[in-house]
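Novice: the sequence and its predicted three-dimensional model are supplied below.
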Amino acid sequence: MKKSLLILSFCILSLSANAQSTSKTEKINQLMELMGSGKMAIQMMNQMMESFKSSYSKVNDTFWEDFKKEIKAEDITNMIIPIYDKYYTENDIDQLIAFYNSPIGKKMIATMPQVMQESMVAGQA
């Protein structure tokens, strides 16, 4: 009987931990969506590809077009989620979601593409 209770307790704890992890993952996904991380990453990737085109002028344009077709915002987001999970607690994620839902957070999201673009130009200079 004690073994059964122990096994049942372990199963419940495992399910609880899994649910907590899923909840955190969903919140991170929500944060990524709010921040536009996938779209921003694609924009940065396109800018980098333009730079690569100049550096590797012998590479056929078809290669670059095919490469662009392979890049998906969702795939990039899925690669980023474990990184956020590693460095931020669920409470941290909640606070970041609250920030990005605030007026200044929304302004930051709206202006980030221009800030990134101008920062890249400044860095290249």
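Specialist: Everything's here; your move. All values reported here derive from a predicted model rather than from experimental measurement. Numbering: from 1, shown residues only.
Novice: residue 73 and residue 79, how far apart?
Specialist: As judged by C-beta to C-beta, to the nearest Å, residue 73 and residue 79 stand 11 Å apart. The way it works is simple: take the backbone N, C-alpha and C, and place the C-beta from them, glycine included.
Novice: typed the wrong thing, it's residue 109
Specialist: 20 Å.
Novice: the two: which is more packed in?
Specialist: residue 109 (15 against 11; other C-beta atoms under 10 Å).
Novice: the strand or helix carrying the more buried one - contacts with which helices or strands?
Specialist: Using DSSP states H and E, residue 109 sits in helix 103-124. If contacts are counted by 3 or more C-beta pairs under 8 Å, 6 or more residues apart in numbering; DSSP states H and E, helix 103-124 sits against helix 2-35, helix 37-55, helix 90-101.
Novice: hey, least reliable of these by pLDDT?
Specialist: In terms of average pLDDT, helix 2-35 trails the rest of those, at a mean of 66.
Novice: and for stretch 90-105, what's in contact with it?
Specialist: 20, 23-24, 27-28, 30-31, 34-35, 84, 88, 106, 108-109 (C-beta atoms under 8 Å, 6 or more residues apart in numbering).
Novice: can you do 6 Å?
Specialist: Residues from elsewhere that reach stretch 90-105 (C-beta atoms under 6 Å, 6 or more residues apart in numbering): 24, 27, 28, 31, 34, 35.
Novice: can you point out the buried residues in it?
Specialist: Within stretch 90-105, the residues that count as buried by 16 or more other C-beta atoms under 10 Å are 93, 96, 97, 100, 105.
Novice: now it, how far from the centre of its chain.
Specialist: Centre-to-centre, stretch 90-105 and its host chain are 15 Å apart (C-alpha atoms, centre = their mean, to the nearest Å).
Novice: dump that stretch to CSV, keeping only the CA atoms.
Specialist: What follows is stretch 90-105, C-alpha atoms only, in CSV (Å, rounded to 0.1, in the frame of the first residue of the first chain):
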residue,chain,number,x,y,z
GLU,A,90,7.9,32.2,-14.6
ASN,A,91,7.5,35.3,-12.5
ASP,A,92,10.1,37.1,-14.6
ILE,A,93,8.2,36.1,-17.7
ASP,A,94,4.9,37.4,-16.1
GLN,A,95,6.6,40.8,-15.4
LEU,A,96,8.0,41.0,-19.0
ILE,A,97,4.5,40.3,-20.4
ALA,A,98,3.1,43.0,-18.2
PHE,A,99,5.8,45.4,-19.4
TYR,A,100,5.3,44.7,-23.1
ASN,A,101,1.5,45.2,-22.6
SER,A,102,2.2,48.6,-21.1
PRO,A,103,2.2,51.8,-23.2
ILE,A,104,6.1,52.1,-23.0
GLY,A,105,6.5,48.4,-23.8
